[in-house]
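Trainee: here is a sequence together with a model predicted from it:
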Amino acid sequence: MERRKLKIYSGSGKHYTHYPQIIIQGKWLRSLGYFIGDKVTVTQDGNRLIIEKYEDGHGADEEAAMVAESCYYEAPVRRVSWF
């Protein structure tokens, strides 16, 4: 089992209250079988957090199809007259 070290960040809540936040992201999740749209449960076991997939969201092919094509936004040209 590969271990990853993550930092606990400060997430903000209502009325600027700070809460601990863990961000887990990266291509390595895909290699473990986690895909965009999958659902997970987080269980506490002592000082451990156990993350388990409980429902398949999408497979790798479906995930690739969900990625939007690149597009560029062109702002409307605004002409200003100084006279």
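Mentor: Arrived safely, thanks for sending. Numbering: from 1, shown residues only.
Trainee: going forward, measure contacts and count neighbours with C-alpha atoms only.
Mentor: OK.
Trainee: for Leu32, give its distance to Asn47.
Mentor: Per Cα to Cα, to the nearest Å, Leu32 is found 23 Å from Asn47.
Trainee: which stretches of the protein form helices?
Mentor: 27-31, 60-66 (DSSP state H).
Trainee: pick out the shakiest of those helices, pLDDT-wise.
Mentor: Mean pLDDT across the helices of the chain is lowest at helix 60-66; the value there is a mean of 63.
Trainee: list of residues touching stretch 3-15?
Mentor: Here stretch 3-15 makes contact (Cα atoms under 8 Å, 6 or more residues apart in numbering) with His18, Tyr19, Pro20, Gln21, Ile22, Ile23, Ile24.
Trainee: and stretch 42-55, by the same measure?
Mentor: Contacts for stretch 42-55 (Cα under 8 Å, 6+ apart): Tyr34, Asp38, Lys39, Val40, Thr41.
Trainee: adding distance to Lys5, neighbour count and pLDDT, write the contacts of stretch 3-15 out as JSON lines.
Mentor: Below are the contacts of stretch 3-15 laid out as JSON lines (distance: Cα to Cα, whole Å; neighbours: other Cα atoms under 10 Å; pLDDT from 0 to 100):
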{"residue": "His18", "distance to Lys5": "22", "neighbour count": "12", "pLDDT": "89"}
{"residue": "Tyr19", "distance to Lys5": "19", "neighbour count": "11", "pLDDT": "91"}
{"residue": "Pro20", "distance to Lys5": "16", "neighbour count": "10", "pLDDT": "92"}
{"residue": "Gln21", "distance to Lys5": "14", "neighbour count": "12", "pLDDT": "93"}
{"residue": "Ile22", "distance to Lys5": "11", "neighbour count": "11", "pLDDT": "93"}
{"residue": "Ile23", "distance to Lys5": "11", "neighbour count": "9", "pLDDT": "93"}
{"residue": "Ile24", "distance to Lys5": "10", "neighbour count": "9", "pLDDT": "93"}
